[in-house]
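Chemist: sequence below, structure please.
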Amino acid sequence: MHKMPPQSEPAHPLSKQVVFVLALASGVTVANLYYNQPLLAQIVHAFHAPEQQGGILSMCTQIGYAIGLFFFVPLGDMKERRRLILVLLALAAISLIGVATAQNIAWMDATSLAVGITSIAPQLLIPLAAQLAAPNERGKVIGSVMSGLLIGILLARTASGWIGGDFGWRAMYWIAALMMVILSVLLRLLLPQTFPEQTVTYRELFMSAGRLIREQPTLRETSLLGATLFGGFSLFWTTLTFFIEQPPYHYGSQIAGLFGLVGVAGAGAARFAGRLADRMPAQILSGFALATVLLSFLCFWIFGSHLVGLILGIVLLDLGTQAGHILNQSRIFNLLPEARNRLNMVYMVAYFLGGSISSAIGSFVWSAWRWNGVCAFGCILVATGFSVWGTYRIKSVRISSANDEPSA
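Modeler: The predicted structure is shown next:
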């Protein structure tokens, strides 16, 4: 492994124009993963499939994303990043066309998996933003890019709900494929070329990723926290479309998509959490993020049959999940500048594995115990996150106390 001239600590702040481009690209690309959520009921009805298939379909997209993260994101530490991103966008466009032309549920599952695998560009763009940002602005820049990504996640549901309701679910995927093409042209024109800080082989990348997991307790903690936070987030959004099509709501895909607009309020937490992470211990703030998500599931459980309660719960869920995600990434990006893509790969694989498993389990929980079961499972996920957070805080206190003891 050979060092190259470092590029990770720029002398000048990242321009607002480039930050905007990175945020836009992240939001438009990550939206591919979430178009199906308001449309799940419509899709399973179109293929005459059982409700459980909706959770499996959502799981396929998220599992695909985890696979793409595992195999492609580490390449950001050894390849020129702009070219890699453009190749992935082209493959994403092809995969989206595959979804738009699906003829059966098996085809739909396979192409949804491909969409997930090829839509990982945001997880190359975020470390790129961290590389280009000045050290004292890194948290703010990451928060700005993540704001774009999170707004993309939330507006994806609104857009797909309305387009699916008016023109059918296939139309959304044709439009998404076209957006990938347009985005490729935009990034080719505006993004700078960026090269890794070291030369390394693909095998060395994976060997070093395993080493990072063993040697970095912060990486292990944030990965587990991310898995539980996104698990709860995915659980809710996967089952929401089935919940609101029944009494007392009787809502279709268009209204299901509108709930994504409610969550935009939570996306505002991204920049705020990034700024806080530049000034306060992010590991402590993570506990408040977990508490917010727990409060959201209690709100869904107790007041979910009332529209105001459902809306309040969505705001709290998105606020806690997005703030926790920003805080986690701020922590890992400060560990090893030359390994940011590998650190992000480990974290995001855990993050989306948590989301995909929870989506699949959530559909079965919904079938067996309906909304009460979903809310109970969400509380269990967050409680698991609290146990991880508390365990690492206790370990940190013990290590600090041991280091402070005078030597004999």
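Chemist: please enumerate the strands of the stretch 151-300 of the chain.
Modeler: Under the criterion DSSP state E, counting those that start in this stretch, strands of the stretch 151-300 of the chain are mapped to 198-199.
Chemist: so where's it shaky on pLDDT?
Modeler: Across the stretch 151-300 of the chain, the ranges flagged by pLDDT under 70 are 196-200, 263-278.
Chemist: kindly report the same for the stretch 1-150 of the chain.
Modeler: Using pLDDT under 70, the stretch 1-150 of the chain drops low at 1-14.
Chemist: could you rerun that using 90?
Modeler: 1-25, 34, 36-59, 62-63, 65-66, 69-83, 122-150 (pLDDT under 90).
Chemist: please enumerate residues in contact with stretch 45-65?
Modeler: 33, 36-37, 40-41, 43-44, 104-105, 108-110, 112-117, 119-120, 169, 234, 238-239, 241-242, 352-353, 355-357, 359-364, 366-367 (CB atoms under 8 Å, 6 or more residues apart in numbering). Any C-beta I mention is one placed from the backbone N, CA and C, and that applies to glycine too.
Chemist: report the buried members of the residues you listed.
Modeler: 33, 36-37, 40-41, 43-44, 105, 108-110, 112-117, 119-120, 169, 234, 238-239, 241-242, 352-353, 355-357, 359-363, 366 (16 or more other CB atoms under 10 Å).
Chemist: quick one: which of these sit in helices?
Modeler: The helices, defined by DSSP state H, take in 40-41, 43-44, 105, 108-110, 112-117, 169, 234, 238-239, 241-242, 352-353, 355-357, 359-363, 366 from those.
Chemist: and the helices in the stretch 151-300 of the chain?
Modeler: Ranges of helices in the stretch 151-300 of the chain, per DSSP state H, counting those that start in this stretch, are 169-190, 202-215, 217-243, 253-267, 269-277, 282-303.
Chemist: want to throw these into JSON lines with distance to residue 69?
Modeler: Compiled in JSON lines, those are given as follows (distance: least, CB to CB, whole Å):
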{"stretch": "helix 169-190", "distance to residue 69": "18"}
{"stretch": "helix 202-215", "distance to residue 69": "11"}
{"stretch": "helix 217-243", "distance to residue 69": "12"}
{"stretch": "helix 253-267", "distance to residue 69": "22"}
{"stretch": "helix 269-277", "distance to residue 69": "20"}
{"stretch": "helix 282-303", "distance to residue 69": "21"}
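Chemist: could you say which of those helices is packed most deeply?
Modeler: helix 217-243 (a mean of 25; mean count of other CB atoms under 10 Å).
Chemist: now for residue 376: which residues touch it?
Modeler: Residue 376 neighbours (CB under 8 Å, 6+ apart): 301, 369.
Chemist: okay, and it sits in which element?
Modeler: helix 340-404 (DSSP states H and E).
Chemist: state the mean pLDDT of that helix.
Modeler: Averaged over helix 340-404, pLDDT sits at 85.
Chemist: hang on, the earlier thing: so which of the helices of the stretch 151-300 of the chain is nearest residue 341?
Modeler: Closest approach to residue 341 among the helices of the stretch 151-300 of the chain is made by helix 202-215 (8.6 Å; CB to CB).
Chemist: burial count for residue 16?
Modeler: Residue 16: 9 surrounding residues under other CB atoms under 10 Å.
Chemist: renumber starting at 3 from here on
Modeler: All set: I'll call the first residue 3, so the last point we hit is now residue 18.
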